[in-house]
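K.L.:
just the structure for this:
(one chain, ligands or ions: 1)
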Amino acid sequence: VSALNELLDLVLGKRELSGINKDFARQVLLRWLEDNPSVAVAYRSDPKRFTRKKEFQRLRSEVRKELRTVYGAFFKGQYPAKKKKAVAALIAADSEANAHNVLKLHRSTAERLNSYPFLYEQLLSPWGAVDSILDLGCGFNPFAYRYLAGRPAYFSADIACEDLDLINAYLESLGVRHEERCVDLTDVSAVASLPRAKVAFAFKLLDSLEDLQRDVTARLLDVIPADWLIVSFPTMSLGQTKPIGTRQWFEKLVTGKVLTRVTLPNEQFIIITLKQKESVTGSGQ
Ligand SMILES: C[S@@+](CC[C@H](N)C(=O)[O-])C[C@H]1O[C@@H](n2cnc3c(N)ncnc32)[C@H](O)[C@@H]1O
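P.N.:
Residues are numbered from 1 along each chain as shown. Below you'll find the predicted structure:
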């Protein structure tokens with residue numbers, strides 16, 4: 001195990017990936033070794049010398065690439081120190097300009113920077129204000145807390161442990177009820193034990209979870225501890241190069257459960273009920 005941990009540290013080496021949940025990264029590494037048995041043999045036969053071999057280079061670049069697609073690619077080349085500094089400034093003075101400086105560091109929140117007031121008003125209008133939110137695969141979205149009405153309790157979950165520490169410090173400074181959990185959201189029982197909320201968010205998350213584990217979304221819909229779920233999908237690929245159409249696999253799962261949809265230029269939001277027997281008809285499509 002310790003040799004594997006050393007290998008993992010070498011793979012994660014770059015600062016950009018250092019804040020990721022280690023158990024999650026270890027699983028990605030083990031899966032890669034399973035898919036590449038000859039490299040696994042080379043590694044197991046001599047772990048010490050393995051890192052000097054060509055196969056190690058390939059392993060490192062491919063595993064990093066995979067980790068970057070679930071995590072790192074969303075940060076615009078920003079390193080931990082820069083994030084910490086921007087968050088410290090926000091904690092020192094909770095102004096909109098300081099919040100923007102933080103939200104700008106992550107692609108997803110940067111994209112909706114100017115839409116937040118409209119977006120949250122639209123998304124949460126069925127309830128007026130909600131008392132609690134569970135943000136799944138939250139990224140930097142909790143830093144948009146100022147745009148929510150009614151000071152809800154805010155629970156955040158992601159595999160980016162260091163980012164969750166920053167979120168913890170920010171929400172603590174606001175004096176609101178909050179909790180952060182660094183978990184792999186393809187782990188269905190871990191999701192089932194997250195704090196319960198009125199509304200859960202899963203913004204730009206499900207494509208990535210499905211890549212990691214096909215059909216996991218269907219199982220998650222049964223256990224997410226909330227009454228309602230707001231899912232979003234990007235309508236353009238990362239880098240805005242090509243449009244991505246409707247996710248038919250998702251539409252099938254939520255037939256009869258869609259309350260409403262909200263569309264931004266690059267993102268579509270779908271509000272669905274999670275209450276088992278309840279079906280919502282009407283404004284779905
Ligand atoms: C595209 S970003 C979206 C961030 C945020 N929801 C937003 O829209 O602003 C995807 C987020 O999901 C997280 N994520 C991806 N796979 C995950 C997994 N298996 N478990 C937990 N979080 C995951 C990533 O770390 C990243 O923060």
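K.L.:
what's the burial count for the residue of the chain found nearest the ligand?
P.N.:
The ligand sits closest to residue 139 of the chain, with a gap of 2.5 Å, by C-beta to the nearest ligand atom. In this view, the C-beta of every residue, glycine as well, is placed from N, C-alpha and C. Using other C-beta atoms under 10 Å, residue 139 has 23 other residues around it.
K.L.:
point out the residues in the stretch 151-285 of the chain that sit beside the ligand.
P.N.:
By C-beta under 6 Å from any ligand atom, the part of the stretch 151-285 of the chain that sits against the ligand consists of 158-160, 184-186, 203-205, 208-209, 212.
K.L.:
assign the residue of the chain closest to the ligand to helix, strand or coil.
P.N.:
coil (DSSP: H, G, I helix; E, B strand; the rest coil).
K.L.:
for stretch 126-145, buried residues please.
P.N.:
Neighbour-count burial for stretch 126-145, counted by 16 or more other C-beta atoms under 10 Å, picks out 130, 132-145.
K.L.:
and what of stretch 158-177?
P.N.:
So stretch 158-177, judged by 16+ other C-beta under 10 Å, has buried residues 158-161, 163-164, 166-167, 170-171.
K.L.:
and if you look at stretch 28-45?
P.N.:
So for stretch 28-45, counting by 16+ other C-beta under 10 Å, buried means 28-29, 32-33, 36, 39-40, 42-43.
K.L.:
from the residues you listed, pick the one nearest residue 267.
P.N.:
residue 28 (26.3 Å; C-beta to C-beta).
K.L.:
and the helix or strand harbouring that closest one, what does it pack onto?
P.N.:
Under the criterion of DSSP states H and E, residue 28 resides in helix 22-35. Helix 22-35 makes packing contacts with helix 2-12, helix 37-45, helix 54-70 when contacts are defined by 3 or more C-beta pairs under 8 Å, 6 or more residues apart in numbering; DSSP states H and E.
K.L.:
from the chain's centre, how far out does the longest one sit?
P.N.:
In this case it means helix 54-70. 20 Å (C-alpha atoms, centre = their mean, to the nearest Å).
K.L.:
next SSE downstream of it?
P.N.:
helix 80-92.
K.L.:
what's whichever helix or strand comes after that next one in contact with?
P.N.:
Downstream of helix 80-92, the first helix or strand assigned by DSSP H and E is helix 96-103. Here helix 96-103 makes contact (C-beta atoms under 8 Å, 6 or more residues apart in numbering) with 83, 86-87, 89-90, 92, 109-110, 113, 140, 143-144, 146.
K.L.:
just checking, residue 164 touches residue 154?
P.N.:
No. The criterion here is C-beta atoms under 8 Å, and residue 164 misses it with residue 154 at 11.9 Å.
K.L.:
how about CSV for the helices and strands packed on helix 22-35, with distance to residue 274 and mean pLDDT added?
P.N.:
Converted to CSV, these look like this (distance: least, C-beta to C-beta, whole Å; pLDDT from 0 to 100):
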stretch, distance to residue 274, mean pLDDT
helix 2-12, 35, 86
helix 37-45, 40, 92
helix 54-70, 24, 88
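K.L.:
okay, these in CSV with distance to the ligand next?
P.N.:
Below are the helices and strands packed on helix 22-35 laid out as CSV (distance: least, C-beta to the nearest ligand atom, whole Å):
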stretch, distance to the ligand
helix 2-12, 14
helix 37-45, 23
helix 54-70, 4
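K.L.:
ok, back up a step: between the buried residues of stretch 158-177, which is nearest residue 276?
P.N.:
Nearest member of the buried residues of stretch 158-177 to residue 276, counting by C-beta to C-beta, is residue 158, at 26.8 Å.
K.L.:
now for that closest one: which residues touch it?
P.N.:
Per C-beta under 8 Å, 6+ apart, neighbours of residue 158: 137-139, 164, 182, 185.
K.L.:
who does it bridge with?
P.N.:
residue 182 (DSSP bridges).
K.L.:
roughly how far does it sit from residue 138?
P.N.:
Counting by C-beta to C-beta, to the nearest Å, the gap from residue 158 to residue 138 is 5 Å.
K.L.:
who touches both of these two?
P.N.:
residue 164.
K.L.:
look through this structure and tell me its longest strand.
P.N.:
strand 226-234 (DSSP state E).
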